[in-house]
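Undergrad: Return atomic coordinates for the entry below.
(one chain, ligands or ions: 2)
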Amino acid sequence: MTMVFLNKEIRDGDNPDLTEERKTATFDTNKMAEVIYGSEKLARRRREISQAVSLIPELADSKPLPFLSRNEKILESTRKVTALNEHLPRLINMNDEDEAWHIHSEVIGFEGNPLALHHSLFIPPLVIQGSDEQHEKWLGRAKRREIIGCYAQTELGHGSNIRKLETTATYSLSTQEFILHTPTINALKWWPGALGKSSNHAVVVASLIIKEQNYGPHLFMVQIRDEQSHEPLPGIAVGDIGPKMAFNGADNGFLGFNNFRIPRGNLLNRHCNVEVDGTYVRPPHDKMNYAGMIRVRSRMAAEQGTFMAQALTIAVRYSAVRRQGFLENKSQEVKVLDYQTQQHRLFPAIARSYAFIFCGFETIQKYETLQNEMNSGNVSLMADLHALTSGIKSVVTYQTGEGIEQARMACGGHGYSMASYISEIYGCAIGGCTYEGENMVMLLQLARYLVKSVELAMRGKPGDLGPMVAYLAYPDIKVDLVTGPEAYVKMFQHISKRQSIKATEKFHRKMESGVSRDEAWNQCAVELTRASRLHTRLYIIETFIRRVDSIEDLSIKMVLTDLMNLHLNYELLDVASYALEDGFMSSTQMGFIKNQLYSSLEKIRPNAVSLVDSFQFSDLQLRSNLLNFLFQVLGRRDGHVYQNLFEWAKSSPLNQTEVLPSVTQYLKPMMEKAKL
Ligand SMILES: CCCCCCCCCCCCCCCCCCCCC/C=C/C(=O)SCCNC(=O)CCNC(=O)[C@H](O)C(C)(C)COP(=O)(O)OP(=O)(O)OC[C@H]1O[C@@H](n2cnc3c(N)ncnc32)[C@H](O)[C@@H]1OP(=O)(O)O
Ligand SMILES: Cc1cc2nc3c(=O)[nH]c(=O)nc-3n(C[C@H](O)[C@H](O)[C@H](O)COP(=O)(O)OP(=O)(O)OC[C@H]3O[C@@H](n4cnc5c(N)ncnc54)[C@H](O)[C@@H]3O)c2cc1C
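TA: Ligands and ions are numbered 1, 2, ... in the order given. Next up is the predicted model:
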């Protein structure tokens, strides 16, 4: 029987400890899902899609993924993604990217698949950088999945510094072709997802050479495999780069060219061009060819927030059914979720998940605005969004890694088992610290922007500062934190501003002392990255406050205000030393922040399970679907952890036989020998 209590689904047969948690919630999880996913429609569609997927057995994993070899993982992810391809038009609106992400996450999970890059990194650059004619030629085929593609930029020797990519695309005036060439081993493309074994096309980033002049990285559409035989085309060397920390259901690959020719029309030329006679037509912005990277980075806050939310759903549910130790009542052990330390471990991370998703919505919208502007030739928003998304991708990936690792530890020993599946989520999410721009490198990109902004403010031109950095010119007026969120923002602004100014001044002093600009920059790099992190954390706080302010439903607003207050106090406490240093914050205020933080933990406690339930991850999405086989066990919605852990252990391939060859071949002879 199912009983609906404030629209929270209370099901007979669920672990009573979880049921009790769901009953104490002060809000409706369906309503909260609408806030998380931005609309009633998307939240509802997600539930409908999850329900529809759960009724199609071939879309479920056919085996527990942790027990599979790499080949089996790739076979399984490919089986699922091609089965999904058949069902997609019936299950989702094919033009709705959010629905597409959701269904892929349901069916594929975290381990990657050969079409993931096709949608996130092959089609988008084609859309952004390809002309109408090129769309006509490739876009329809790509969308129909007649061809499979990837994005091949990084090389064995260069990833961060793309100006130094060694793969060349030399224009041949005589044949009007580009000749792609890999001059050294270091120049092999290395890492692109789905390149190794699955793709037959790639958007390749190579240095454009015309009449011996290097015009820097440009994007080319390249067919790398025969469409019939799937064999690499002559002049192409391609393969898989081996097992990785995660994403082992995907074939990240290498790629080399031996004077491989492609037609002139394969340079993606919406914004730049090489004419027949070799004349180069410049794009409207120097870094136009990097626009695709801004797009991916702009989606990372929501993506990473979602990864962290998945790990937290597992850890919070488990913490509500795991009983160990005593508080006052010595006749019953407590739920570990009642320990303040456990709450301190998990609740700030829940707040960050919400914060990242809210912030993600804003950055996705900002990117869409940029894209529209770029299409009409206006590139003025690019620099700001590049700086913003560089900081955001770095801060959210790092903090997501921290949050997921805390979730794992919060599950004690069982968190270390693959039965928690948290390590797989961690491996997948933590890749984000490296891909789409290594975090330190991207923080330093934002720092360039901050230093320039501080210089403007110092030159007495605060009116030239964009809205994102206007605070760098604000006067320092002490604040009383008791007055609420605005005071926290002002405190954070002071901290961030002071660090940006300090780092800039240090940089200037170094140069004045005769150190070269680049060397001075390097000698200030740690301080500069600190400034970038603070600026980004301030931005995330502001988006959280904006989102909570915009909510009308009172019960939702109240619980999100608790979460936001927790976030504000946790974040400020974490950086308090910057404000204590110059006396902007007093030790009394520090004590106030701590007390507020502890009181927020208490307020959130009764809503904790419902706050993670509100993400509405299905058991399938968390890989805890028991209908087909046993898998992730700790975060099951029904909370029946122990009996399923035992079933999980029994299903281990090692337990399919009592005596293993390792015993008969090695241990037994050793023991026998010892007896002699
Ligand atoms: C809740 C809502 C739901 C929605 C969400 C759904 C989520 C559901 C999740 C479900 C499951 C999802 C599964 C996800 C799976 C994830 C799959 C993972 C796939 C990973 C794919 C990875 C791909 C890659 O990594 S591709 C390769 C990426 N490579 C990089 O990023 C390289 C980094 N390097 C660079 O970008 C450049 O080299 C750079 C910028 C560091 C330096 O470039 P430069 O040319 O040398 O420039 P520089 O001299 O430093 O600066 C000069 C000048 O130019 C400005 N600049 C630089 N870049 C840009 C730019 N892009 N735009 C604008 N301006 C730019 C720079 O600021 C300088 O300006 P000035 O200071 O004014 O001179
Ligand atoms: C899971 C995954 C998927 C990927 N998918 C793709 C893909 O589909 N397509 C693709 O083209 N690429 C892909 N990549 C590659 C990825 O984009 C690069 O690895 C990434 O950009 C980092 O570059 P790098 O490996 O050269 O690191 P490096 O730059 O060599 O970084 C090594 C260290 O040097 C430091 N460093 C480097 N430069 C500087 C600097 N200027 N200042 C200060 N410190 C510096 C870094 O901070 C880091 O600590 C993927 C990578 C991963 C992990």
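Undergrad: what's the burial count for Lys287?
TA: Neighbour count of Lys287, defined by other Cβ atoms under 10 Å: 16. For the C-beta atoms, the positions are set from N, CA and C on the backbone; glycine is no exception.
Undergrad: ugh, wrong one, I meant Ala674
TA: Ala674 - counted by other Cβ under 10 Å - has 7 other residues nearby.
Undergrad: what residues are up against the closest residue to Ser618 other than its chain neighbours?
TA: Computed as Cβ to Cβ, 6 or more residues apart in numbering, the closest residue to Ser618 that is not its neighbour in sequence is Ser50, at 4.1 Å. Residues counted as contacts of Ser50 (Cβ atoms under 8 Å, 6 or more residues apart in numbering) are 102, 106, 616, 618, 620-621.
Undergrad: Near ligand 2, which residues of the stretch 501-650 of the chain are found?
TA: Contact residues, the stretch 501-650 of the chain versus ligand 2 (Cβ under 6 Å from any ligand atom): none.
Undergrad: Which single residue of the stretch 501-650 of the chain ends up nearest ligand 2?
TA: Proximity of the stretch 501-650 of the chain to ligand 2 (Cβ to the nearest ligand atom) peaks at Ala525, 6.2 Å away.
Undergrad: Verify the contact between that residue and Leu444 for me.
TA: Yes - contact between Ala525 and Leu444 holds when scored by Cβ atoms under 8 Å: they sit 6.4 Å apart.
Undergrad: Those two: which has the busier surroundings?
TA: Leu444 (19 against 16).
Undergrad: On the three-state scheme, that one is what?
TA: Using DSSP: H, G, I helix; E, B strand; the rest coil as the criterion, the local structure at Leu444 reads helix.
Undergrad: Contacts only, for it.
TA: The neighbours of Leu444, taking Cβ under 8 Å, 6+ apart as the test, are 521, 525, 528-529, 532.
Undergrad: if I look at the residue of the stretch 501-650 of the chain closest to ligand 2, how far off is Phe507?
TA: 10 Å (Cβ to Cβ, to the nearest Å).
Undergrad: Just the closest residue of the protein to ligand 2, please.
TA: Closest residue of the chain to ligand 2, Cβ to the nearest ligand atom: Gly159 (2.4 Å).
Undergrad: Surely that residue forms part of a strand?
TA: No - looking at Gly159 with three-state DSSP, it is coil, so not inside a strand.
Undergrad: so who does it touch?
TA: Counted by Cβ under 8 Å, 6+ apart, Gly159 has contacts 153, 191, 438.
Undergrad: Which ones among the residues you listed also lie next to ligand 1?
TA: The subset of the contacts of Gly159 within reach of ligand 1, by Cβ under 6 Å from any ligand atom, is Gln153.
Undergrad: Most neighbours among the contacts of Gly159, which one?
TA: Gln153 (26 neighbours).
Undergrad: okay, Asn375: pLDDT?
TA: In this model, Asn375 is scored at 88, pLDDT.
Undergrad: residues near it, how many?
TA: Neighbours of Asn375 (other Cβ under 10 Å): 11.
Undergrad: where does this structure have its least confident helix or strand?
TA: Least confident helix or strand of the chain, by mean pLDDT, DSSP states H and E, is strand 2-5 with a mean of 64.
Undergrad: in the stretch 151-300 of the chain, which spans are strands?
TA: Ranges of strands in the stretch 151-300 of the chain, per DSSP state E, counting those that start in this stretch, are 168-172, 177-181, 189-190, 201-210, 213-223, 236-240, 253-257, 260-263, 273-274, 280-281.
Undergrad: could I get the ones you listed as TSV with distance to Lys673, mean neighbour count and mean pLDDT?
TA: As requested, the strands of the stretch 151-300 of the chain are arranged in TSV below (distance: least, Cβ to Cβ, whole Å; neighbours: other Cβ atoms under 10 Å; pLDDT from 0 to 100):
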stretch	distance to Lys673	mean neighbour count	mean pLDDT
strand 168-172	62	20	98
strand 177-181	60	21	98
strand 189-190	48	24	98
strand 201-210	56	23	98
strand 213-223	60	19	98
strand 236-240	42	17	98
strand 253-257	47	25	98
strand 260-263	60	16	98
strand 273-274	74	18	98
strand 280-281	76	12	98
